[in-house]
Each structure stands twice: as structure tokens, then as C-alpha cells.
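[1] requesting a structural model of the entry that follows:
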Amino acid sequence: MKIPHLISFPSLFLALIFTAGCGKSEEKAVASQVAAKVNTTEITVYQLNSVLARTPNVTPATEHRVKREILDNLIDQQLAKQKAIENKLDRSPNVLQMLEAAKTEILARAYLEQISTAQTKPTEEEVKRYFDEHPDLFTQRRIYSIEEISLPVQPGIADALREQTAKLRSMQDIAAWLRSREIQFTANSGVRAAEQLPLDYIAIMRAMKDGETRVFELRGSVQVIRVVASKHVPVTQAAVAPKIRQFLFGQVSSAAVAREMKQVKEVAKIEYIGEFAVTPEEADAKAKALQESKIKTATDEKARQEADAAAREAAKIQAAAESLERADAVAKARAQAEQDRRAAEAKAPVSGTAQAPMENLQKGARGL
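    Prediction:
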């Protein structure tokens, strides 16, 4: 069994929190409760057992060895703490800031845990009612072998994916379709029990047949899920009662903490300063307007470039047409001049000159 090494910056800061500024007049621990001494500091059995309680998979056969490993780690941690204080690290601004942050976190967590532990534990009737009201998780529980494709929500993407699944395409075809449109996604496959699925999915997936594919939209993402195979694996109330009890207690505790924090905030004086004075809704609206402005600017610029390109192409076509028209006119003029020359030659006496028709041809060409 591997025991996590206890020397780390967070644990060292936590150790310093409760020693910084303390004098040397603290009472010595009872000898039977002392596990080790590190110079003048004692490590108590309580400290050791506190770490032991958070160490998983400890058996009676391994307990003694695990305790010794934990104690050795605590000794290393204490030595590191002592050297940190010796080097005056407990007075460093950065360390003091982190110590204060850690202290705040510990005290806040302790307060919330106090609220949570004060709540009433779920009754057996409540456990049974939850069991009966959620057959998909228990009496009709299924285990699924699935293939899935996940991607962020984009305008129109869910409907487009539904069209693809309606065409009985495979998951490979859908992945290829997304790649062809340069849409980022992640593909995965595995086995999922009903309780490992989002609650919104469970009833829908129980109705799905093996080989069926559906598109789901949940919490900012789109998922294409194909049920490769599934099987019915029910569980009894006795087997899951501890987990149901824990779940229900967690719900009650979370609700109690939320109510308490709401009341605390209502009576507290909280003032947001500077950039944080803007509410999240206002910030989102501003960011949305900025994004829309960028999109409009990009769209307008693209339209302008396309219009310029179309104008240049039209000018090129017009110039080519005019050039072709001029060439055609020159050809016609030359043909007409040649025709006039031959007609003149036919009418003129033999002793005459053929210079006039040629001059007419040249004049006609110059005129064009």
C-alpha cells in the first residue's frame, strides 16, 4: 500500500498556520498520547490517527506498517516546518498570504460542515420512497455499453446531428461528417450503469433499443450516444440504502448551506469595486454585444471584399468584351474596304490605279 507523502506546500502551510505566532507555553501532551518527538515538538497519536482515518484500504494486517509510514511522513513534515520557520519563511509576504488564504478556506469549510452535520438524517421511510420513485436506478436498472461523441453547443448543430442519425449513419460516419466541417469533438466508448448517467438521460436511454442512436443536449454540450448493448441488472433496497441515505443527506445539507449563505449575504454589506461592479448579466450582455459587433464587422468586411472582387471581375469581362468588339469592327472595316477596293477595280479602266481603294482601307482602319 502506498501512503501519500505528507510533505507538500499546502500541508506545510497548514502546519505553519497553527504555529506561527504561538509561544512555547503550550502544555505537553500526555506521554501515552505522544507518538514521536522531533527536536522540541511532539507528534501526537491523535495527529497520526487523523491521517490514518483518511488512508484507504487499511487492514488489521497492514495497520501497524501503515501507521509507521504515516508517522515517518509526519516527522519529515515537522522537520521541514521547523526549517521553514528557522529560515523565516513564515514571515515571507507570499507565504503569509498563502497561510491566510489556507486559514480562510479551513474556517469557511468548518462553518459549512457545521451547518451540514446539524441536519436531520434521512428516515427509512424517505429512503424507501426514493427507492420506489426511481425504478430506473434500482428495480429497472440497466447497464449500457455505449459509444458517444461530445461537442460544445453550436447554433443548429443538434438538429443537424439528428438529421444524420435519422439517416441510420454509423458513429464513424457522424465523426467523419463533423471532421468535414472542421467541428471539434471528442469520441469515447465504455460501459455505464444507470446511476452513472445524468438523471435527464436515464428514462430516455431505458427506452432505447440496442443499436439505437440519440442526440442529447445538456449543460452547454451536445452528445450523440449509441447504445451498443444493454442488460437488466436490478439492485435491492437493502443493497443501496446506505448510498440513498448519503445522497438524500447531501441534498438536505446542500439546501441548508445555500439557505444559510443566502441569509448571511442579505445582512452583510458587500460592495463590488472597479471592473467587478458590473453584474454577471451585464458583463455577459456586453461580451455578447462585442462578439456580435466583431461578427458584423467581419461579415461587412467579407461582403466588401466580395463586392470589390465582383466589380473587378465585371470590369475585366467588360474590357474583354469591348476589346472583342473593337477587333470585330476592325475586321469588318477591313473586309468592307477590301470589298470596296475590288468593286472599284472592277469598274475602273485597266489603265487606272488601285491606290484609292487601298487608301480607303487604311483610312477606315485608322478611324476605328
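
[2] where along this structure do the strands fall?
    Applying DSSP state E to the chain gives strands spanning 34-38, 41-44, 142-152, 186-193, 213-218, 221-232.

[3] burial check on the closest residue to residue 201 other than its chain neighbours, number of neighbours?
    In this structure, residue 201 finds its nearest non-sequential neighbour in residue 216, 6.1 Å apart by CB to CB, 6 or more residues apart in numbering. All C-beta spots, glycine's among them, are computed from the backbone N, C-alpha and C. Neighbours of residue 216 under the rule other CB atoms under 10 Å: 18.

[4] can you tell me which of the strands of the chain is nearest to residue 96?
    Comparing the strands of the chain against residue 96 with CB to CB, the closest turns out to be strand 41-44 (21.2 Å).

[5] so where is the stretch 201-350 of the chain shaky, pLDDT-wise?
    349-350 (pLDDT under 70).

[6] distance check, residue 43 against residue 87.
    21 Å (CB to CB, to the nearest Å).

[7] oh sorry, the question was meant for residue 310
    Distance, residue 310 to residue 87, using CB to CB: 73 Å.

[8] same check, this time on residue 292
    Using CB to CB, we find residue 292 at a distance of 55 Å from residue 87.

[9] ok so, going back, surely the residue nearest to residue 201 and residue 202 touch.
    No - Residue 216 is beyond contact range of residue 202, at 11.3 Å (criterion: CB atoms under 8 Å).

[10] quick one: the helices in the stretch 151-300 of the chain, in order.
    Ranges of helices in the stretch 151-300 of the chain, per DSSP state H, counting those that start in this stretch, are 157-166, 171-180, 199-207, 237-267, 280-347.

[11] rebuild the ones you listed as CSV, extending it with distance to residue 56 and mean neighbour count.
    Putting the helices of the stretch 151-300 of the chain into CSV (distance: least, CB to CB, whole Å; neighbours: other CB atoms under 10 Å) gives the following:
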stretch, distance to residue 56, mean neighbour count
helix 157-166, 41, 15
helix 171-180, 37, 15
helix 199-207, 28, 15
helix 237-267, 17, 13
helix 280-347, 39, 11
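
[12] so which of those helices is nearest residue 189?
    Among the helices of the stretch 151-300 of the chain, the nearest to residue 189 by CB to CB is helix 171-180 (8.6 Å).

[13] and that closest one, what does it pack onto?
    Under the contact criterion of 3 or more CB pairs under 8 Å, 6 or more residues apart in numbering; DSSP states H and E, helix 171-180 touches strand 142-152, helix 157-166, strand 221-232.

[14] give me the contacts around the longest one.
    Applying CB atoms under 8 Å, 6 or more residues apart in numbering, the set of residues contacting strand 221-232 from outside is 140-154, 157-158, 161, 165, 171, 174, 189, 201, 205, 208-217.

[15] next: stretch 147-158.
    171, 174-175, 178, 183-189, 215, 217, 220-226, 228.

[16] sorry, back to before: buried subset of the contacts of strand 221-232?
    141-142, 144, 146-149, 151, 157-158, 161, 165, 171, 174, 201, 205, 208, 213-216 (16 or more other CB atoms under 10 Å).

[17] is it correct that residue 218 is in contact with residue 198?
    Yes - between residue 218 and residue 198 there is a contact at 5.8 Å, judged by CB under 8 Å.

[18] mind checking which of the helices of the stretch 151-300 of the chain is nearest residue 73?
    helix 237-267 (29.8 Å).

[19] and the closest one, how far out from the chain's middle?
    How far helix 237-267 lies from its chain's middle: 27 Å, per CA atoms, centre = their mean, to the nearest Å.

[20] mind giving me the packing neighbours of that helix?
    helix 93-117, helix 124-133.

[21] and the last one, what's its mean pLDDT?
    Across helix 124-133, the average pLDDT comes to 96.
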